[in-house]
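In: Structure for this input, please:
(chains A and B)
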There are 2 protein chains.
Amino acid sequence: MDEKEIIPSTFIGIQGKDIISFGSGQPDLPPPSEVFSCLPTYNSFKYGPIAGQDNLRQALAEQNKGFDKDNFVITNGASEALDLTLRVIGKPGDKILIHEPYYYSYKPLIELNHLKPLIVKTNEGKIDVQDFEEKVHDASAVLINSPCNPTGRIQDIDTLKIIEKTTQDLKLPLISDEVYKDLIYERENYALSGPQVITVNSFSKTFSMCGFRVGYLFSNDLSIVEKVIGLKSHASMNTNILSQEMAFHATTIPRKIIEDQVAIWKKRRDVIYKGMLDLGLELWKPEGAFYVFPAIKNSMKFVRDIFEEYKVITYPGDWFGAPNRVRFSYALDIEKIEEGLERVGKYLKENV
Amino acid sequence: MDEKEIIPSTFIGIQGKDIISFGSGQPDLPPPSEVFSCLPTYNSFKYGPIAGQDNLRQALAEQNKGFDKDNFVITNGASEALDLTLRVIGKPGDKILIHEPYYYSYKPLIELNHLKPLIVKTNEGKIDVQDFEEKVHDASAVLINSPCNPTGRIQDIDTLKIIEKTTQDLKLPLISDEVYKDLIYERENYALSGPQVITVNSFSKTFSMCGFRVGYLFSNDLSIVEKVIGLKSHASMNTNILSQEMAFHATTIPRKIIEDQVAIWKKRRDVIYKGMLDLGLELWKPEGAFYVFPAIKNSMKFVRDIFEEYKVITYPGDWFGAPNRVRFSYALDIEKIEEGLERVGKYLKENV
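Out: Below you'll find the predicted structure:
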């Protein structure tokens, strides 16, 4: 395998009993049974409203105070929500502010939409407020991701409040990618809010529904919502009606089930964090999501070699704007995490 | 209702026992039962390959001679297939040749992707070959839709062969939107082919699966296929895994079931075509799809008034680049077609 050939789709679908995958960012635990309960009797088949099914949007409005169902659009995953938003808020050449390290789709999506990324530094995964305040004046929109993929870090509430105020003063759209909002170990999620905030979210991480591709966006700015619906009416039409019904059933489960899952994630987080420290790796303590992002030099080589020699899948920091780090997703059971850490330890020992 | 407020989403979801809808282009007949047969025991939930599930792509490859599963990408409906194709083949300012009247999403999609439509005339719905041959030299790509929505016309095989040859000589990508390929009353579909042909298709019309959003594209040009997969990996990821499984089951039904449906459509076609002639309307005989496109002056006013006064839904020709025509979808049973025609007759009588 050539290092340069390693792209995000390289490892998708690779399975085998000896493989330990710290790769894909998807829960290993299945969705709650309620999600499948509507399947046996389902018989609809016609187009649905472009914005999404009423019952699902209504349920989401009830979970997000101050919003009405007409503030929501149901999308083919958070990916489409983000893509549609970028397509309607920017004109070619506009700059979109993102913080580095960033989710690996941000930069390609911005560039594929003829926009430019404007990159703000972070310190140990926390946004450098001074750098933000300088660069935001050149931005046409701001994109924040907290909890963050790949760092697992959450932004301080003070920082988030500064971002809210600054973008509001400058009348800039503020996209908040909160797909990990339910996977936080340190405090409650702080939902960014304001007249031009567009919140992007998903059923993938909270409810293990990755394959069903149900995401959504919502905003107080109905002109943006309307433009998104207009574009989606031509670009993909309604999101799959059946997966929306499954997502609706997911909204009916008791909050306790989600909390129980967070407890499982937290235990895994503790195991991998301690394990990596024991291996002598430098890393930031993950506060949310299910990633650790240790410093490992020459990450492309590491990712290739540890896959070929030890059957361990990891993602190179290059994809996330941090070439000297490697992303490990800990969406797998503790036994496998420990086995994977052992293999990483062996590799590191042989390659000092 | 203001005439100007009538947009393609206006009538979506409007129902009522007195309403006769010639509006939305979707079959009223349910999908074959095989489509639902996989639901009760379905339990997958993880991300799938971006290009689509192997079993579905394999089945499609077997139905399209000369193609391998790796020529295919499964998409969120034909809409996404078309959108992704336009996004990867054009750079801002490039011209995409389309024939007028055109499907109402073509122009907005082209423009939303920073491209320009280059419009070729038709005569009674048939492409004006001379106009095509002049304009194609300014085009970066060509988009053909036969059978055509909204005209219901199919292009002559001689014309299609000229288009194949000309685009091949000029090395232009040729997008063939064949979503109505199984709904032809006059002859077999002539599938456009060539090294740079990108065929767009769908499970929506043949299998009544509109709401499930399963479309696909395939091409001999693997560089385009690869670019589409690259863009889709960021813009929406895999198409819903469950709807792909449903689509796979649709591919297993005997061809006879599709032929029986075509017989039903043909009967409806005959009723509405004769009915409109009897009303004195000028129209072209539909050869495929399920639309008639009679000449009716001031179509926006007609569409509004006949909805408000007679509860009949139709779509104005304005959306399709033909302001003095109105699109009627005949995706409803013969009794309703006849009732609708009666109301149209009354309206026309009162408004001569």
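
In: alpha carbons only for contacts and neighbour counts from here, please
Out: Fine.

In: mind checking how far A:Gly23 is from chain B?
Out: 12 Å (C-alpha to the nearest C-alpha, to the nearest Å).

In: Pull the contacting residues for that residue.
Out: A:11, A:313-315, A:327-329 (C-alpha atoms under 8 Å, 6 or more residues apart in numbering or on different chains).

In: Pipe the residues you listed into CSV and attach secondary structure, neighbour count and pLDDT per row.
Out: Shown next, in CSV, are those (DSSP: H, G, I helix; E, B strand; the rest coil; neighbours: other C-alpha atoms under 10 Å in any protein chain shown; pLDDT from 0 to 100):
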residue, secondary structure, neighbour count, pLDDT
A:Phe11, coil, 17, 77
A:Ile313, strand, 24, 95
A:Thr314, coil, 23, 96
A:Tyr315, strand, 27, 95
A:Arg327, strand, 30, 97
A:Phe328, strand, 25, 97
A:Ser329, strand, 27, 96
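
In: number of nearby residues for the nearest residue to A:Leu170 once chain neighbours are set aside?
Out: With C-alpha to C-alpha, 6 or more residues apart in numbering or on different chains as the criterion, A:Leu170 has its nearest non-adjacent residue at 7.9 Å, and that residue is A:His137. Using other C-alpha atoms under 10 Å in any protein chain shown, A:His137 has 14 neighbouring residues.

In: Next up, phi/psi of A:His137, please.
Out: Dihedral pair for A:His137: phi -70, psi -20, per degrees, to the nearest 10.

In: tell me the pLDDT at it?
Out: Note for A:His137: predicted pLDDT of 98.

In: Can you tell me which residues in the stretch 201-350 of chain A are near chain B?
Out: When proximity is defined as C-alpha under 8 Å from any C-alpha of the partner chain, the stretch 201-350 of chain A approaches chain B at A:208-213, A:231, A:233-243.

In: mind giving me the domain split of chain A?
Out: A:3-30+A:256-350, A:40-251 (automatic domain parsing).

In: Where among the ones you listed is average confidence lowest?
Out: domain A:3-30+A:256-350 (a mean of 92).

In: Looking at the stretch 151-300 of chain A, what residue ends up closest to chain B?
Out: A:Gly211 (4.1 Å; C-alpha to the nearest C-alpha).

In: State the number of residues packed around A:Lys349.
Out: Burial of A:Lys349 is recorded as 10 neighbouring residues (other C-alpha under 10 Å).

In: go on, A:Glu287?
Out: By the criterion of other C-alpha under 10 Å, A:Glu287 has 23 neighbours.

In: List the residues that contact it.
Out: Contacts of A:Glu287 (C-alpha under 8 Å, 6+ apart): A:147, A:152-154, A:184-186.

In: try it again with 6 Å
Out: The contact partners of A:Glu287, taken as C-alpha atoms under 6 Å, 6 or more residues apart in numbering or on different chains, are A:152-153, A:185-186.

In: do the same with A:Tyr42
Out: Applying C-alpha under 6 Å, 6+ apart to A:Tyr42 gives no contacts.

In: again, only this time at 10 Å
Out: A:242, A:245, B:36, B:39-40 (C-alpha atoms under 10 Å, 6 or more residues apart in numbering or on different chains).

In: what about it, which SS state?
Out: coil (DSSP: H, G, I helix; E, B strand; the rest coil).

In: Same check on A:Lys227?
Out: Under three-state DSSP, A:Lys227 comes out as helix.

In: Distance of it relative to A:His114?
Out: 18 Å (C-alpha to C-alpha, to the nearest Å).

In: And the residues of the stretch 201-350 of chain A next to chain B, which of them are buried?
Out: The neighbour-count test (16 or more other C-alpha atoms under 10 Å in any protein chain shown) marks A:208-213, A:231, A:233-243 as buried among those.

In: From the residues you listed, which land in helices?
Out: A:231, A:233-235, A:241-243 (DSSP state H).

In: Would you check which pair of the residues you listed lies furthest apart?
Out: A:Leu231 and A:Leu242 (21.7 Å; C-alpha to C-alpha).

In: Quick check: A:Leu348 touching A:Met276?
Out: No: applying C-alpha atoms under 10 Å, one finds A:Leu348 not in contact with A:Met276, separated by 11.3 Å.

In: Compare these two (neighbour count), which wins?
Out: A:Met276 (19 against 16).

In: Chain neighbours aside, what residue packs nearest to the more buried one?
Out: That would be A:Leu341: by C-alpha to C-alpha, 6+ apart, it lies 7.4 Å from A:Met276.

In: Centre of the chain to the helix or strand containing that neighbour, how far?
Out: Using DSSP states H and E, A:Leu341 sits in helix A:334-350. Its chain's average C-alpha position is 26 Å from that of helix A:334-350, according to C-alpha atoms, centre = their mean, to the nearest Å.

In: go on, stretch A:235-254?
Out: 19 Å.

In: report the longest helix in chain A, please.
Out: helix A:255-278.

In: Between helix A:334-350 and that one, find me the angle.
Out: 20 degrees (axes from the mean of the first three to the mean of the last three C-alpha atoms, to 10 degrees).

In: Remind me what helix A:255-278 packs against, helices and strands.
Out: With contacts defined as 3 or more C-alpha pairs under 10 Å, 6 or more residues apart in numbering or on different chains; DSSP states H and E, helix A:255-278 has these neighbours: strand A:291-292, strand A:326-329, helix A:334-350.

In: Surely the residue of the stretch 151-300 of chain A closest to chain B is in contact with B:Gln53?
Out: No: the pair A:Gly211 and B:Gln53 fails to qualify as a contact (C-alpha under 10 Å) at a distance of 11.1 Å.

In: which residues do the two both contact?
Out: B:238-242.

In: out of these, which touch chain A?
Out: Under the cut-off given by C-alpha under 10 Å from any C-alpha of the partner chain, chain A has B:238-242 from those close to it.

In: can you list the residues of the stretch 51-200 of chain A near chain B?
Out: A:75-84, A:87-88, A:91-92, A:104-109, A:112-114.

In: Could you identify the buried members of these?
Out: For these, buried by 16+ other C-alpha under 10 Å: A:75-84, A:87-88, A:104-109, A:112-114.

In: out of those, which are inside strands?
Out: A:75-76 (DSSP state E).

In: Sort out for me which of the buried ones among the residues of the stretch 51-200 of chain A next to chain B are in helices.
Out: Per DSSP H, those map to helices at A:77-84, A:87-88, A:106-109, A:112.

In: And A:Thr151, how close does it get to A:Phe67?
Out: 30 Å.

In: who has more neighbours, the two?
Out: Taking neighbours as other C-alpha under 10 Å, A:Thr151 and A:Phe67 compare with A:Thr151 leading, 32 against 16.
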